[in-house]
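# Have a look at this prediction, sequence included:
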Amino acid sequence: MNEKLMDIMKLARIELVIIPIFIFFKYIRPGVLKSKAPEFFKITLLSLPNFFEAIIGVLTLTGIILLINDRLKKHQTKPKILYIIAVALAAACVILQELNIINIRTNTTFDSNDIIFSILGLILGYWIIQYIKPQFPSTKMNTQ
């Protein structure tokens with residue numbers, strides 16, 4: 001495997017675990033709505049896809065931004081700044097979707113719990129990239 005892509009592959013492997021979980025919670029939504037489960041349980045299960053969607057967004061955008069940054073040989077930005085940009089873009093996308101300002105999904109209804117879970121997902125996504133600190137070999141010397 002290409003040495004340059006090792007860190008991005010770490011992010012992709014995490015996404016490969018999260019995406020099936022995201023799909024599972026999207027799939028069970030109709031059953032949860034019809035059930036007589038406690039309200040807290042319903043809120044949690046219905047909002048979890050937003051949590052996972054935010055994490056996936058942060059990790060995907062981090063990888064894309066790192067790839068773009070690697071192509072900018074003379075004007076590369078420090079990875080820490082790129083992480084913040086990725087989280088900000090993911091936050092804008094996720095929150096604006098929830099507020100129905102942008103409409104990427106169909107059948108969206110405003111739910112403040114979805115926003116809370118999205119914010120928690122953004123925080124966890126940021127924590128993951130801070131823990132892994134993905135970058136390319138060309139920027140590893142420029143991180144300090």
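Perfect, thanks for sending it.
# Going by C-alpha atoms from here, please, whenever you check contacts or count neighbours.
Noted.
# Check the offset of the longest helix anywhere in the chain from the chain's centre.
Ranked by residue count under DSSP state H, the longest helix found in the chain is helix 39-71. Distance, stretch centre to chain centre, for helix 39-71: 2 Å (C-alpha atoms, centre = their mean, to the nearest Å).
# Downstream of it, the next helix or strand is which one?
helix 79-98 (DSSP states H and E).
# Who are the packing partners of that next one?
helix 39-71, helix 112-132 (3 or more C-alpha pairs under 8 Å, 6 or more residues apart in numbering; DSSP states H and E).
# in the longest helix of the chain, what's buried?
For helix 39-71, a neighbour-count test (16 or more other C-alpha atoms under 10 Å) marks 42-43, 45-63, 65-67, 69-70 as buried.
# Do you know the pLDDT at F110?
For F110, the model assigns a pLDDT of 68.
# how about the residue located most distally from the centre of the chain, phi and psi?
Most distant from the centre of the chain: K36, at 31.0 Å, with distances by C-alpha atoms, centre = their mean. Dihedral pair for K36: phi -100, psi 30, per degrees, to the nearest 10.
# Same question for T77.
Dihedral angles for T77 - degrees, to the nearest 10 - are phi -110, psi 150.
# Report the separation between it and I68.
Note on T77: its distance to I68, by C-alpha to C-alpha, to the nearest Å, is 10 Å.
# And P20, by the same measure?
P20 is 27 Å from I68, by C-alpha to C-alpha.
# how about the closest residue to Y83 other than its chain neighbours, what does it touch?
Leaving aside its sequence neighbours, Y83 sits nearest to T62 (C-alpha to C-alpha, 6 or more residues apart in numbering; 6.1 Å). Residues near T62 by C-alpha atoms under 8 Å, 6 or more residues apart in numbering: 82-83, 86-87, 129.
# What is the nearest of those residues to V94?
Taking C-alpha to C-alpha as the measure, V87 is the one of the contacts of T62 closest to V94, at 10.3 Å.
# That closest one - how many residues pack around it?
23 (other C-alpha atoms under 10 Å).
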